[in-house]
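K.L.:
Provided below are the primary sequence and the corresponding predicted coordinates.
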Amino acid sequence: YYIRVSGDATDTVQLYELALTATNPPTTEVTLDGSGNLVVQDVNEINDDTLTLTLDAGNGALLVSDPDRLLTTDIAGASGNETHEITIPVIAITGASIIVQSMGGDDTLTLNLTGGDLPLPVNYDGGIGPSDDVLVINGGSYNLGDFTASNASDGLIDLDGATFVAYSGVNSISVNGSLTEAHFGYSDASDQINASSPTTGLTQLVSTVGASVTLSHPTTLLSVDAGEGDDTVEVGPLDADYPAMIVVNGEDGMDAIAIASPISLADDRLLSVTAESVSPVSQGTLSVDADWTFGPGSQLSLALGDEQVQMIESATLDLSQATLGLALPTAPVAGAVFPIVDLSNSATLVAPFSGMPEGSEFRLGNSIFRITYLGGDGNDITLTTLLDYAQWQAAVFPVSEPAQGPTENPDQDDWPNGLEYLLTLDPTKFEV
């Protein structure tokens, strides 16, 4: 029970038969610190707080509410003391920030921006320990949302410079306003990041070194900078016709980007990736319905025979700054043709791979391959397995003859065996 008695030393208070109703004492203080900052603090460290901050622009006031807890305040001019909602005149807050300290428990802080941006930056401390603390931002329409994760529970949010939040001890963040562009930046630790659509219309970023963030799809751009360290970024699954351009940059370190199939972006939206390895999430065909470009130093990594890229509709695939990296699950037979990229007839290919012009040959394991950008129905990238020299030698020379080295010339023409092999000529016949 909570009974408050006011008076001085000369007063006498007598309590007779009272019908007392159980209630909870105020557990959250709303006050000003020595610098004039507004401080909202849980004074009982084990409460599950459900706090909301709202600007009442018409009355020049800031509302602090919690439907489950009583709030107390000593701010001059404030109203609602010992109720679930306190109204504070904005002019009473002379400091530079709003500080919310929810301490222990599973706490939620909601910034209600439907009536306008809060008058000051917010510093939200969800507390330490095994709790599930949530930050919710409702309302507002912004050109740029900048989300920077410092570690698994701390970071910064900047919405057009109008709403700024520094948070710590937060597990998840939900943004229910409108964003044109959303940029996510991560720390220099080695991260595992996933960008997906858990529910239609929503984008979610989950990271091993950052709080999870869920927001309505940005309308123009979603960008992810993984920071230094050896990072893995998984893109998808995403809603079909995802509305925004997607830019993923692994930055420094040995980074990998894995893309879930299918991925489909709205018309004129681009998928741009930069990492030491770019591959499908799983074996099979990675179907892409979007213009796709690779940044400098990137590599398209595929398991030969198990993975390929399929570009559909009138998309453009730009591989001119990328290299090709292949894993060879099994040794192929000579003459085998492997599709690498299958383009629709209306798709456009910007090629070749860096350092791999049309018809070039390279060795992988004990096999030799020749690449063409004119394969399939005329615009696909395929690899053909060639005989290596030892296989070629065994195939063209009788077993009874001694081994023929690449510098020997048994047919006495102008072409030693090595050149005959490279030019696919017959070393047993004289050629001019």
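P.N.:
Arrived safely. Numbering: from 1, shown residues only.

K.L.:
Just give the number of residues close to residue 162.
P.N.:
Using other C-beta atoms under 10 Å, residue 162 is surrounded by 13 other residues. From N, CA and C alone the C-beta is placed, and that goes for glycine too.

K.L.:
now it: how far from residue 34?
P.N.:
27 Å (C-beta to C-beta, to the nearest Å).

K.L.:
Also residue 144?
P.N.:
Counting by C-beta to C-beta - residue 144 and residue 34 are separated by 34 Å.

K.L.:
tell me the helices in the chain, going along the chain?
P.N.:
389-396, 417-422 (DSSP state H).

K.L.:
most packed of those helices?
P.N.:
helix 417-422 (a mean of 18; mean count of other C-beta atoms under 10 Å).

K.L.:
from the middle of its chain, how far away would that helix be?
P.N.:
A distance of 50 Å separates the centroid of the chain from that of helix 417-422, by C-alpha atoms, centre = their mean, to the nearest Å.

K.L.:
where in the chain is pLDDT low?
P.N.:
Residue ranges of the chain with pLDDT under 70: 1-9, 13-24, 45, 129-130, 402-403, 422, 432.

K.L.:
quick one: contacts for the most centrally placed residue in it?
P.N.:
The centre of the chain sits closest to residue 195, judged by C-alpha atoms, centre = their mean, with a distance of 4.2 Å. By C-beta atoms under 8 Å, 6 or more residues apart in numbering, the residues touching residue 195 are 203-205, 222, 224, 233-236, 238, 246, 248.

K.L.:
again, 10 Å this time
P.N.:
Shown in contact with residue 195 (C-beta atoms under 10 Å, 6 or more residues apart in numbering): 184, 203-207, 213, 222, 224, 233-236, 238, 246, 248, 260.

K.L.:
before we move on, what about residue 287?
P.N.:
Counted by C-beta under 10 Å, 6+ apart, residue 287 has contacts 259, 261-264, 280, 308-312, 342.

K.L.:
what two of the residues you listed are the furthest from one another?
P.N.:
264 and 308 (17.6 Å; C-beta to C-beta).

K.L.:
mind checking how far residue 340 is from residue 157?
P.N.:
For residue 340 relative to residue 157 (C-beta to C-beta), the value is 41 Å.

K.L.:
okay, now residue 221: neighbour count?
P.N.:
18.

K.L.:
nope, residue 210 is what I was after
P.N.:
Count around residue 210 with other C-beta under 10 Å applied: 27.

K.L.:
quick thing: my sequence starts at 188, can you match it?
P.N.:
Let's use 188 as the start, then, which means that last one is residue 397.

K.L.:
ok, now which ones touch it?
P.N.:
Here residue 397 is in contact with 334-342, 357, 360, 371-374, 376, 378, 380, 414 (C-beta under 10 Å, 6+ apart).

K.L.:
And for residue 500?
P.N.:
Residue 500 touches 451, 454, 475-477, 531, 533-534, counting by C-beta under 10 Å, 6+ apart.

K.L.:
Now distance to residue 270 too, for these, in JSON lines please.
P.N.:
Shown next, in JSON lines, are those (distance: C-beta to C-beta, whole Å):
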{"residue": "451", "distance to residue 270": "51"}
{"residue": "454", "distance to residue 270": "53"}
{"residue": "475", "distance to residue 270": "56"}
{"residue": "476", "distance to residue 270": "55"}
{"residue": "477", "distance to residue 270": "53"}
{"residue": "531", "distance to residue 270": "64"}
{"residue": "533", "distance to residue 270": "65"}
{"residue": "534", "distance to residue 270": "64"}
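
K.L.:
okay if I get these as CSV plus neighbour count and distance to residue 241?
P.N.:
Output for those, formatted as CSV (neighbours: other C-beta atoms under 10 Å; distance: C-beta to C-beta, whole Å):
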residue, neighbour count, distance to residue 241
451, 20, 39
454, 10, 39
475, 24, 44
476, 23, 42
477, 25, 40
531, 16, 52
533, 11, 52
534, 21, 50
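
K.L.:
Show me which of those residues is closest to residue 310.
P.N.:
For the contacts of residue 500, the nearest to residue 310 is residue 477 (39.4 Å; C-beta to C-beta).

K.L.:
Can you report how many residues lie near the nearest residue to the closest one once chain neighbours are set aside?
P.N.:
Using C-beta to C-beta, 6 or more residues apart in numbering and skipping the chain neighbours, the partner closest in space to residue 477 is residue 452 (3.7 Å). Residue 452 has 23 neighbouring residues, counting by other C-beta under 10 Å.

K.L.:
got a list of what residue 452 touches?
P.N.:
Applying C-beta under 10 Å, 6+ apart, the residues contacting residue 452 are 425-433, 458, 475-479, 502.

K.L.:
Okay, and the beta partners of it?
P.N.:
For residue 452, the beta-bridge partners under DSSP bridges are residue 429.

K.L.:
Look up how far residue 307 lies from it.
P.N.:
38 Å.

K.L.:
And residue 327, by the same measure?
P.N.:
To residue 307, residue 327 is 16 Å away according to C-beta to C-beta.

K.L.:
Look at these two and report which has more neighbours.
P.N.:
Taking residue 327 and residue 307 together and counting by other C-beta under 10 Å, residue 327 has the greater number of neighbours (22 against 18).
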